[in-house]
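>>> Next one to model:
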Amino acid sequence: MKVLSHSGLIKKLKFPGTQIIGLQAFTEAKTIRNPIGKIYKQFRAVGFVGTDYEKSVNREAERQNKKPKFESENLKWGEYVPGLVNKILSHNGNLYLRTQTTPNQRRRQPNKFLYYRDEHGKFLEKEKAEQFIIPPRESAKQEKIGLTETAWIRTYKLDNIQKIRIGGETYLLSDYSPE
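Here you go, the predicted structure:
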């Protein structure tokens, strides 16, 4: 497997338009208050980088036989890295990869859970961990225009991405370091 640094990944993302990527990441799960403490998950995901969110939501509205009238808002946090709009965000000194998925794509290529760990590195049973994890929710703004299934935006801190598949090649990110 080839090795790629974060700066190398950023160079690879300077393509025009949209591209599908796959990634494996180790991140802290969003949880409710629980007796376990922090819960970390390792998973694989597939998504598109470089997509125009507003256009994607309006295309999804057309697929669901709704009138396309969605208007996206400015970013709530972070800012796009110049030359990498809809791909890389910068926030508080960290870089994040922005991906988007559609309902049809999530059905064909769902995220694959690998395992959960507690903050001490101990493996957790899936059922034990998932009772405290906050499930992803649909976009209220997209639901307001009548969408029953919505386009999802996900951002991954580059430091948490272990592997990435882009342009038909899989790379181990050399800057990967678990939190």
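>>> Please identify the helix or strand for Thr99.
strand 94-101 (DSSP states H and E).
>>> Likewise for Lys55?
Per DSSP H and E, Lys55 falls inside helix 53-63.
>>> Of all the residues in that helix, which ones are buried?
Tyr53, Ser56, Val57, Asn58, Glu60, Ala61 (16 or more other Cβ atoms under 10 Å). Quick note: C-beta positions are derived from backbone N, CA and C, even for glycine.
>>> how about TSV for the residues you listed, with distance to Arg108 and pLDDT added?
Converted to TSV, the buried residues of helix 53-63 look like this (distance: Cβ to Cβ, whole Å; pLDDT from 0 to 100):
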residue	distance to Arg108	pLDDT
Tyr53	20	92
Ser56	16	92
Val57	19	93
Asn58	21	92
Glu60	15	91
Ala61	20	91
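>>> all strands in this structure, in order from the N-terminus.
2-4, 19-28, 39-49, 79-80, 88-91, 94-101, 112-118, 123-124, 152-157, 161-166, 169-173 (DSSP state E).
>>> Can you check what angle separates the last one from strand 161-166?
So that's strand 169-173. If you take axes from the mean of the first three to the mean of the last three Cα atoms, to 10 degrees, strand 169-173 sits at 160 degrees to strand 161-166.
>>> Contacts for strand 169-173, please.
1-6, 8-9, 22, 158, 161-165 (Cβ atoms under 8 Å, 6 or more residues apart in numbering).
>>> do the same with the longest one
Applying Cβ under 8 Å, 6+ apart, the contact partners of strand 39-49 are 13, 18-29, 31, 86-87, 97-101, 105, 109, 111-119, 124, 129, 132-133, 154, 162, 178-179.
>>> From those residues, keep the buried residues only.
Buried among the contacts of strand 39-49 (16+ other Cβ under 10 Å): 13, 20-27, 29, 31, 86-87, 97-101, 105, 111, 116-117, 124, 129, 132, 154.
>>> re earlier: please, a PyMOL command that selects the buried ones among the contacts of strand 169-173?
Selecting the buried subset of these in PyMOL, with 16+ other Cβ under 10 Å as the burial test, is done by:
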select buried, resi 4+6+9+22+158+161+163+164
